[in-house]
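Undergrad: make a model of this:
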Amino acid sequence: MRKYLLTILILFTAITLKAQTWEVGAGIGGAGYMGDLNQHNPLQISGLDGNVFVKRNFNGYLSAKFQFTYGKIGAADSTSNNQQQRDRNLSFTNRIMETSLTGEFNFMHYIPDAGKNVFTPFVFAGIGVAAHAPRTELNGNQVGLRRLRTEGQQKQYAGTILSVPYGAGVKYNIGGKWTLIADLGYHWTNTDYLDDVSGLYADKSTLPSPTSVRLSDRTGERTGVYTGTAGTQRGDLRKRDSYLFLNLSLSFTFVTEKCYYEN
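TA: Got it, this is the predicted structure:
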């Protein structure tokens, strides 16, 4: 993870050397995910998130943002409208700690306390790296899932993943150099294990521990009949999971004198 963070820091430094204004801020909001336990609702919020960021504004239209976000996502088959998913009976929570570098484009020229426009819609996209650790509840205790290799993986899947954040939002100058920001961002990842579910049920005899066996197939916990036969479908067979952050942030911009003379 360190090498990915160093790369992002070097990129941020390189592209901000000739920029005009610094901006710092923080925000809170909701986090959600799309994956094997939530296949159809791209706006489902399952936890909270918080972020801090520093931004370099090149002009009233373009900027680069370096951000750290902590969020919690989760889902449970027991809440699904689909009987097949309820029978599967899986659940998880996951803590996402993401560091990202994104570029922003304002549709309207925007410099707080110095420009003509008091608001602007914007879009953003970039790259990030995130640490994650899916867990589930067993007998009233939280259990880490990655080390259990519940689908018979030869080795643990990565705890550090790449993400590609992209989204849109609105900025509004609430007074002076203060800006209120609302944005929604989706984060494509290079993993299918945010929820510890990906493909097929494993042969239970190949799993590394009794806990792995117990959590690989939870179909019979209510009925006593376990239907997770080795080789049958456990996940949705899509190759990637993703997560989202819906945030409300407040920022302060250190506007340079030069900005007051821009059109």
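
Undergrad: name the nearest residue to Ser251, sequence neighbours excluded.
TA: Gly25 (2.9 Å; Cβ to Cβ, 6 or more residues apart in numbering). All C-beta spots, glycine's among them, are computed from the backbone N, C-alpha and C.

Undergrad: give the contact list for the one you found.
TA: By Cβ atoms under 8 Å, 6 or more residues apart in numbering, the contact list for Gly25 reads 52-53, 55, 179, 181, 249-252.

Undergrad: highest neighbour count among those residues?
TA: Thr179 (23 neighbours; other Cβ atoms under 10 Å).

Undergrad: pull the most distant pair out of the contacts of Gly25.
TA: Using Cβ to Cβ, the pair of the contacts of Gly25 lying farthest apart is Val52 and Thr179, separated by 15.0 Å.

Undergrad: and the strands in this protein?
TA: Along the chain, the stretches classed as strands by DSSP state E are 21-34, 47-57, 62-76, 91-106, 119-131, 135-138, 141-144, 160-175, 178-189, 242-254.

Undergrad: one step back: okay if I get the contacts of Gly25 as JSON lines plus pLDDT and distance to Arg234?
TA: Listed next are these as JSON lines, based on pLDDT from 0 to 100; distance: Cβ to Cβ, whole Å:
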{"residue": "Val52", "pLDDT": "98", "distance to Arg234": "37"}
{"residue": "Phe53", "pLDDT": "98", "distance to Arg234": "38"}
{"residue": "Lys55", "pLDDT": "95", "distance to Arg234": "42"}
{"residue": "Thr179", "pLDDT": "97", "distance to Arg234": "45"}
{"residue": "Ile181", "pLDDT": "98", "distance to Arg234": "40"}
{"residue": "Ser249", "pLDDT": "98", "distance to Arg234": "38"}
{"residue": "Leu250", "pLDDT": "98", "distance to Arg234": "43"}
{"residue": "Ser251", "pLDDT": "97", "distance to Arg234": "43"}
{"residue": "Phe252", "pLDDT": "96", "distance to Arg234": "48"}
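
Undergrad: nearest to Ala64, of the residues you listed?
TA: The closest of the contacts of Gly25, once distances to Ala64 are taken by Cβ to Cβ, is Lys55, at 6.8 Å.

Undergrad: assess the claim that the closest one and Leu62 are in contact.
TA: No - look at Lys55 against Leu62 with Cβ atoms under 8 Å: they stay out of range, at 10.8 Å.

Undergrad: what do the two both touch?
TA: Glu104.

Undergrad: which residues are in contact with Val54?
TA: 22-24, 65-67.

Undergrad: with Arg147 instead?
TA: By Cβ under 8 Å, 6+ apart, the contact list for Arg147 reads Gln156.

Undergrad: mind running it again at 10 Å?
TA: 133, 156, 159, 208-209, 211-212 (Cβ atoms under 10 Å, 6 or more residues apart in numbering).
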